[in-house]
Structures are given as C-alpha cells and as structure tokens.
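> Sequence and predicted structure are below.
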Amino acid sequence: MRKLNQQVRIIGGNWRGRKLYFPYIKDLRPSSDRVRETLFNWLSPHIVNSRCLDLFAGSGALGLEAASRGAEQVFLVDKSPEVVAALKNSISLLNAENTVTAVCEDAEHFISRHQQQPFDIIFLDPPFARKEQRQFTYHLIKNKLTQQNTRIYIETDAGNHAPEMPQCWSILREKTTRQVRYQLVIQSEDPIDK
C-alpha cells in the first residue's frame, strides 16, 4: 500500500478533530470541511441511531463523520483495495468496528447483492469522472436500499447539470460552491412497483 499521505479531519461528534489518512489516488476527492459542516447541519436531526451507506467512500470522511455523530451502523463501500485497507485502518484507530464496516466492492455489485433493510441516509458522491450517477439513483430504489424518508446526499461537479432524479425523490436543500453542487434529497414516498 502506498504511503497514506493525504488526510482529512472529522469535524464533529465523538471523534471531532481526529485525522483520517488515505492514499493519493486519482479522482479521490474528499468533500471539503465547509461542505461537510453544512451537510451535517442539515442532517443533524436524523443522524443518531441511523443506518448509513457511503457508496463511494474514498477517504471515509462522510461515513465516519456520520458514525462520529451517532449513526448506529455505517457501510463504507469502495472498489479500491488500497482505499479499503486505509478505511479499515481508520476504523481500527477509531475503535469503530462495532459500528462501521468497510467493503471492497464495486458500487453496482454492492447495490445488487445487498439484502438487508433499507438505509436511512445514503451518501452518493462518486468521482466526478463517472457519468453514471443517474443509474445509481434508480438502482438504489429498485434494490430496495431506500424507503420513504431516506435522505440521499448527492455531490457533483459544479459545472455539470444536476443528475436526473426519480419522481419519488424531492430536493430538501441545495448549495453550489465554485467546485461542487451538493443536494440533500428525500424519498418522499415508496415507489409504485410496476
């Protein structure tokens, strides 16, 4: 594994101020402190005892921030063995094995094989180079990883159009910085099976 020379800081909760280290990998781009602070202000009434999925975990900043703030169960999913090794190291350093699980798997495979109950919060922040974000939104619904009142965080390049969303999703909050557009959406109803 390459030297873990990149770092990001947990900004709130039990592990506030703790640093997470991760390898330099092209397109691995943690959400900024400012964006995360805003996001977790939006999510604060819903984090405690929640089940969370960080589908493109990267540094683990979003999922581990959720665990720090009281999430009951967090899955960190990334397809890079190198990244997942660093995530497991962070989980161990934080003594979070009972709350956080790192999974080395492609996002599509994880979605298709996941057989547990739906998640309360999903972080959907793929590398900006990926163009298939729309398909993930529909796969999450089709495979029952969402339910009514699931909150989904979506982060995209500020220069791109926001992804098309399913009709059962509604935007709760939205902001744009020079680099990113980020949205918090809610599944307002269960989709009608056809």
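All right, it came through fine.

> which strands and helices sit next to the helix or strand of the chain at the bottom of the mean pLDDT ranking?
For the chain, the helix or strand with the lowest mean confidence is helix 133-142, at a mean of 76 (criterion: mean pLDDT, DSSP states H and E). When contacts are defined as 3 or more Cβ pairs under 8 Å, 6 or more residues apart in numbering; DSSP states H and E, helix 133-142 packs onto helix 107-113, strand 121-124, strand 151-157. Where you see a C-beta, it was placed from the backbone N, CA and C, and this is true even at glycine.

> residue boundaries of the helices in the chain?
Assigned by DSSP state H, the helices in the chain fall at 33-43, 61-68, 81-93, 107-113, 133-142.

> Could you tell me how far stretch 34-43 lies from the centre of the chain?
In terms of Cα atoms, centre = their mean, to the nearest Å, the centre of stretch 34-43 is set 13 Å apart from its chain centre.

> Ok, stretch 66-80 next?
Using Cα atoms, centre = their mean, the offset of stretch 66-80 from its chain centre is 8 Å.

> Tell me which residues of it come out buried.
For stretch 66-80, the neighbour count (16 or more other Cβ atoms under 10 Å) marks 66-69, 71, 73-80 as buried.

> measure stretch 137-152 end to end?
End-to-end distance for stretch 137-152: 9 Å, by Cα to Cα, to the nearest Å.

> Kindly report the same for stretch 139-153.
Across stretch 139-153, first to last residue, Cα to Cα, it's 15 Å.

> any weak-confidence spans in this structure?
1-4, 27, 29, 115, 127-135, 160-163, 190-194 (pLDDT under 70).

> ok, now with 90
Applying pLDDT under 90 to the chain flags residues 1-8, 20-35, 58-59, 107-108, 112-117, 124-144, 154-169, 176-182, 188-194.

> If you compare the directions of the least confident helix or strand of the chain and strand 151-157, what angle comes out?
170 degrees (axes from the mean of the first three to the mean of the last three Cα atoms, to 10 degrees).

> Mind listing what's buried along helix 133-142?
133, 136, 137, 139, 140, 141.

> Return the distance of it from the chain's centre.
Relative to the mean C-alpha coordinate of its chain, helix 133-142 is positioned 14 Å out (Cα atoms, centre = their mean).
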